[in-house]
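[1] quick one, what's the 3D model for this:
(2 chains)
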Amino acid sequence: MSAGATVFLVDDEAGMSKALTRLLQTQGYRVVACSSAEEFLKLPPATGACCLVVDVTMPGIGGLGLQQHLMRSGITIPIIFLSGRDDISTSVRALKDGAADFLTKPVDASRLLPAVRAALQRSTAR
Amino acid sequence: MHWIVPIWSGMAAVSLTLAGISMLAWIFDRKRRSNLLFAVIAFGVAIWAPMELGMMYAKTPATYGAWVRWSHVPAFFVLIGTVLFVRSYLGTGRPWLGWTFIAIRCVVLVCNFLVTPNFHWHEITSLKQITFLGEEVSVIGHAVVRNWQWLATSSLVLYMGFIVDASLALWRKGGPDDRRRVVVLGSSMLSFIVFTVVKDQLVVFGVVHVPIFSSPLFIFLIAASGFELGRDILRANRMGEELREVSETMNLAARTAQLALWRWDIPRDSVWVSPLGRRFFGLTETEPFTFPRFLETLHPEDRQPTRQAVATALQGNGTFNANYRIVLPDGNTHWIEARGKVEFDGNRQPVRMLGVSADVTQQWHLQHRFRLAVEASPNGVLMADTQGRIVLANGRVAAIFGYAPTELPGLAVEALVPERLRAAYDACRAAFRAAPAARAMGTGHELFARRKDGSEFPVEIGLNPIESAEGMLVLVVIVDISARRQAETETRLLRDELAHVARVATLSELSGSLAHELNQPLAIILSNAQAAQFLLAQTPPNLAELRDIISDIVDADRRAGEVITRLRALLQHGETEWKMLSLPAVIDEVLGFMHSDLLTRGISVNRSAQPAIPLIRGSHVPLQQVLINLFTNACDALATNPPGDRRLTVETRLEGACVKVSISDNGCGLPAEAGRIFEPFFTTKTHGLGMGLPICRTIINAHGGRLWPESNPARGTTFHLELSATEVAP
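    Numbers count the residues shown, from 1 in each chain, chains lettered A, B, ... in the order given. Below you'll find the model as predicted:
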């Protein structure tokens, strides 16, 4: 368990963001929530074990835009996508570009938490 | 030269001639009693004159006495004649004076023939010869006068009294013409009688020696009477002339007015008809015309009623009014209106009927045509008086209200109005009476009428004031709009149905977005709930955090509930309620639905609204539907734009009395066939129904608003939507 690891959460929906923050905090993670991709990019570079949980559909560049941006910037951080709809083409694209996981909302803790754990392991493995 | 015989016989001849003329005048016109009396007087004088000649040439006292005796007969007639003449001609004189005089003269006449030689003398013993007008004539030489001859003299005083009385009475009450008659007749009679009485008394008492004669003096009276009667005849002639002129004028007027004049001599059953009338009845110029012949000319159906009208006139007040048809030998029918007046004799027996008839065929045709036009009207037409009674109604009124046509005239218009609306009807009627002008009744709200069986139906009513001889009438045109209402209802139902279908189609397009809208709160609930589970497993559980979580779950649940309510409303079927709505709020709701769709499509939405936009009156769901359609269209138009350049602008502002929403995109613009976008089944989308915009426009039209597109100067399209603003601010 990587307690103390940081989970970055990017979701434009305040309610969603709050709920996921709570859930992740119960697992002992440090959670940094952003309401947009742009806001996340403004954050200082993360250190230590960390992963990114991001909503696909957002105003601005959105989840996929963020992934592209990070790729272009050479920042490698495991990304778990959350999507409101079962959109196969989007998920395939995201996974091909190195996404750690692609989950559909509503996302069950039994799927999210293992995914976060796996992503954090990938992060520390890097 | 001998004068006496020519003068006396000349007088006799003149008198006889005048008597004859006057007699003839009376024979031709029995009403001229004065002429008869004058004839009697003149005839008396004509007899009297030769008798006076007999006296003058008498050789013996006996012959003289006999002539005097016989001369009483003409004298009687002359005197009685003058009294009656005055009474008849002047119309005045106290009757008792006249009758007393006549009675005395009768006594004198009878006594005259009971004694010898006559009334005046007891005995004439001798005659003597005197010279009169250059001739030797006989007069009384010696005679014994009877005492009672005073009776004859005093009767003449009575006679004078009567004449004076009659003259004065007429002088007082009459006009200039009557006064002239008094002067001419009264003075001539009086001077004659005074002169005769005085002269005769002097002769009787032997004071003067002249023959007894009266006739030359009477000739003046005759001349005076003749002058007056002659004037009358002249006047009668003039009146006859005038009468002829009046009659000609009448005939001319009758001809001009196309009136036939007729006169029916009832006892002889002979009808005189003016030439135009003969034409009316199809008679030749000479053909005799009688009542049975008249009935024959009538239309068989009109014979009995006309006969009845004539009988009523003859038995009743003598007024004849009838309308009948004449069927001419050539088969043409003419409508005649006839008016007549019956004249009765003293025994209330009808003597004759005078009248006029007018050919009213043209008017009848006009009326008939008018009646046919009213009758053939597809709408109910009725006429009511100011008391609200039906004067006239066409068959259509009877049909739509379920009455028999004969039941309507006289019925109160109120009977055609549902009871619950009678107060409103009374108010409307009062308003119409106050300011009578053509208008539609009850504009702005639905009117209902009541059938005889009590059922109600929707109507449209037009009111027109009509000035008529019977006072003001109201022409009411009633249109039964049940069928139209029915059709409108059916159309509305169809439109609603179609709108519903289109709505469902739209929603199916939006299903992804809607699923997301529902998904989001569910996801929030799930994550919160699971966080809570983990928190509860900790010791001690963080209760404050748990309370927050539960509160958030409740909020998210509510949000999901709202989504479902909205969705249900959109899928709802049937009538929607009209209420006051804030358009910016509806826009926010719809953009809320579409939030996820817009995000997915990468469209940035820029909405702006003027502050304090007034509310509009509308139906919520259909307006949402319109906005969804317009937004979806805009999104579709933006699909070909590069990501990041997909802009949707929604602007709401007040323009005049309207709230205007402009939905603008910078997309691909209108199709080439832009004019057809509101046509049903016209679509540029592969899976489009082609019903979106037509339904949008129908909905906006039903709201009394406008919807139109406009190409943007740079790129894309703007759809403008205008709805009437109400006074109420949100």
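
[2] just the CA atoms of stretch B:337-349, as PDB, please.
    Provided in PDB are the C-alpha atoms of stretch B:337-349 (Å, rounded to 0.1, in the frame of the first residue of the first chain):
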ATOM      1  CA  GLU B 337    -101.400  45.800 -53.800                       C
ATOM      2  CA  ALA B 338    -104.900  47.400 -53.500                       C
ATOM      3  CA  ARG B 339    -106.400  49.900 -51.100                       C
ATOM      4  CA  GLY B 340    -110.000  51.000 -51.100                       C
ATOM      5  CA  LYS B 341    -112.700  52.900 -49.200                       C
ATOM      6  CA  VAL B 342    -116.400  52.000 -49.200                       C
ATOM      7  CA  GLU B 343    -119.000  54.700 -49.200                       C
ATOM      8  CA  PHE B 344    -122.300  53.900 -47.400                       C
ATOM      9  CA  ASP B 345    -125.700  55.400 -47.800                       C
ATOM     10  CA  GLY B 346    -127.900  56.600 -44.900                       C
ATOM     11  CA  ASN B 347    -129.000  53.100 -44.100                       C
ATOM     12  CA  ARG B 348    -125.400  51.800 -43.800                       C
ATOM     13  CA  GLN B 349    -125.800  50.100 -47.200                       C
END
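
[3] what comes up buried for that stretch?
    Buried positions in stretch B:337-349, judged by neighbour count with 16 or more other Cβ atoms under 10 Å in any protein chain shown: B:Glu337, B:Ala338, B:Gly340, B:Val342. C-beta here means a position set from N, CA and C on the backbone, and glycine is covered the same way.

[4] in a strand, that's where the second one is, yeah?
    Yes - counting by DSSP: H, G, I helix; E, B strand; the rest coil, B:Ala338 falls inside a strand.

[5] could you measure from the residue lying closest to it once chain neighbours are set aside over to B:Ala469?
    Closest residue in space to B:Ala338, ignoring its immediate chain neighbours: B:Ser357 at 4.3 Å, by Cβ to Cβ, 6 or more residues apart in numbering or on different chains. Going from B:Ser357 to B:Ala469 by Cβ to Cβ, to the nearest Å gives 21 Å.

[6] the two: which has the busier surroundings?
    B:Ser357 (24 against 5; other Cβ atoms under 10 Å in any protein chain shown).

[7] need the phi and psi values for that one.
    phi -130, psi 140 (degrees, to the nearest 10).

[8] pretty sure it sits against B:Trp264.
    No - using Cβ atoms under 8 Å as the test, B:Ser357 is too far from B:Trp264 to be in contact (11.7 Å).

[9] need the residues of chain B near chain A, please.
    B:512, B:515-516, B:519-528, B:530-531, B:533-535, B:538, B:545, B:549, B:552, B:555-556, B:559, B:596, B:599-600, B:602, B:604 (Cβ under 8 Å from any Cβ of the partner chain).

[10] among those, name the ones in helices.
    Assignment to helices by DSSP state H places the following of the residues of chain B next to chain A there: B:512, B:515-516, B:519-528, B:530-531, B:533-535, B:545, B:549, B:552, B:555-556, B:559, B:596, B:599-600.

[11] and the helix or strand where B:Glu710 lies, what does it pack against?
    Using DSSP states H and E, B:Glu710 sits within strand B:706-711. Secondary structure elements in contact with strand B:706-711, counted by 3 or more Cβ pairs under 8 Å, 6 or more residues apart in numbering or on different chains; DSSP states H and E, are helix B:692-702, strand B:717-724.

[12] now render these as JSON lines, adding mean pLDDT and mean neighbour count.
    Listed next are the helices and strands packed on strand B:706-711 as JSON lines, based on pLDDT from 0 to 100; neighbours: other Cβ atoms under 10 Å in any protein chain shown:
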{"stretch": "helix B:692-702", "mean pLDDT": "84", "mean neighbour count": "20"}
{"stretch": "strand B:717-724", "mean pLDDT": "92", "mean neighbour count": "20"}
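
[13] and the strand holding B:Glu710, how far out from the chain middle?
    Distance of strand B:706-711 from the chain centroid (Cα atoms, centre = their mean, to the nearest Å) equals 58 Å.

[14] rewinding a little: quick check: of the buried residues of stretch B:337-349, which lies closest to B:Arg371?
    Closest approach to B:Arg371 among the buried residues of stretch B:337-349 (Cβ to Cβ): B:Glu337, at 17.0 Å.

[15] hmm, B:Arg325 and that closest one touching each other?
    No - the pair B:Glu337 / B:Arg325 is not scored as a contact, 10.9 Å apart, by Cβ under 8 Å.

[16] hang on, the earlier thing: go through the buried residues of stretch B:337-349 and say which is closest to B:Ser9.
    The closest of these, once distances to B:Ser9 are taken by Cβ to Cβ, is B:Val342, at 55.6 Å.

[17] who touches the helix or strand the closest one falls within?
    B:Val342 belongs to strand B:333-344 when assigned by DSSP H and E. Strand B:333-344 is contacted from outside by B:262, B:264, B:266, B:280, B:299, B:313-314, B:318-328, B:350-361, B:363-364, using Cβ atoms under 8 Å, 6 or more residues apart in numbering or on different chains.

[18] does the lowest-mean-pLDDT helix or strand in chain A reach chain B?
    In chain A, no helix or strand scores lower on mean pLDDT, DSSP states H and E than helix A:88-96, which sits at a mean of 87. No - under the criterion of Cβ under 8 Å from any Cβ, chain B is not reached by helix A:88-96; the shortest gap measures 9.4 Å.

[19] distance of the closest residue to B:Gly410 other than its chain neighbours relative to B:Ala415?
    Once flanking residues are discounted, B:Gly410 sits nearest to B:Arg389: 6.1 Å by Cβ to Cβ, 6+ apart. B:Arg389 is 10 Å from B:Ala415, where distance means Cβ to Cβ.

[20] can you list the strands that the strand holding B:Val342 pairs with?
    Strand B:333-344 has the following strand partners under DSSP bridges: strand B:319-327 (antiparallel), strand B:350-359 (antiparallel).

[21] what's the spatially most central residue of chain A sitting at in phi/psi?
    Central residue of chain A (Cα atoms, centre = their mean): A:Val53, 1.4 Å from the mean position. Main-chain torsions, A:Val53, degrees, to the nearest 10: phi -110, psi 120.

[22] give me the neighbour count for B:Glu655.
    Other residues close to B:Glu655 by other Cβ under 10 Å number 12.

[23] what residues are up against residue 108?
    Chain wasn't specified; assuming chain A. Contacts of A:Asp108 (Cβ under 8 Å, 6+ apart): B:Leu526, B:Gln530.

[24] that's the wrong chain, I meant chain B
    Counted by Cβ under 8 Å, 6+ apart, B:Val108 has contacts B:His72, B:Phe76, B:Phe119, B:Leu151, B:Ala152, B:Ser155.

[25] among the residues you listed, give me the pair with the biggest separation.
    Counting by Cβ to Cβ, the most remote pair of those is B:Phe76 and B:Leu151, 13.7 Å apart.

[26] apart from its neighbours in sequence, what residue is nearest B:Glu123?
    When the adjacent residues along the chain are set aside, B:Glu123 lies closest to B:Val144, with 4.6 Å between them (Cβ to Cβ, 6+ apart).

[27] what about that neighbour, which SS state?
    Going by three-state DSSP: B:Val144 is strand.

[28] how about it, what does it touch?
    Taking Cβ under 8 Å, 6+ apart as the test, what B:Val144 contacts is B:Trp121, B:His122, B:Glu123, B:Thr125.

[29] what's the distance between it and B:Pro541?
    Distance, B:Val144 to B:Pro541, using Cβ to Cβ: 186 Å.

[30] in chain A, which helix is the longest?
    For chain A, the helix with the greatest residue count under DSSP H is helix A:109-125.

[31] any idea which element residue 77 lies in?
    By default, I'm working from chain A. Here A:Ile77 is assigned to no helix or strand, by DSSP H and E.

[32] my question was about chain B
    helix B:61-89.

[33] understood, closing this out.
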